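K.L.:
here are the coordinates; sequence isn't available:
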């Protein structure tokens, strides 16, 4: 199950890179990399890597406790963290970019 978590993290980072890169012309609104800031990539990838670490730690803890199917429980916990924390991370990046643009 941890391999699936790593795959989800890699998929998210790939999609984020494509969306923020601003190299594709689409009819949708996209944030350019220079607007989002240099550290936006690192924050998103760091958040996803942190979630992988939490997934592994929770799964190991549940396995040591004797819980049945610890990787499924751990992945469910991390998925809820992603759903609840992902928008907060993006809001923080957006607020940081707005402050940076206003200070120029």
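P.N.:
Sure thing, it's come through. These figures come from a predicted structure and were not determined experimentally.
K.L.:
Phi first, then psi, for residue 83.
P.N.:
phi -70, psi -40 (degrees, to the nearest 10).
K.L.:
do residue 69 as well
P.N.:
phi 60, psi 60.
K.L.:
OK, contacts around it?
P.N.:
If a contact means Cβ atoms under 8 Å, 6 or more residues apart in numbering, then residue 69 has no contacts. Every C-beta, even on glycine, is put in place using the N, C-alpha and C of the backbone.
K.L.:
Which strand or helix spans the residue most central in space within the chain?
P.N.:
Compute the mean C-alpha point of the chain, and by Cα atoms, centre = their mean the closest residue is residue 48, 4.0 Å away. For residue 48, the element it lies in under DSSP states H and E is helix 40-65.
K.L.:
Which residue of this structure lies farthest from its centroid?
P.N.:
Residue of the chain lying farthest from the centroid, by Cα atoms, centre = their mean: residue 66 (29.5 Å).
K.L.:
How about the contacts made by it?
P.N.:
Counting by Cβ under 8 Å, 6+ apart, residue 66 has no contacts.
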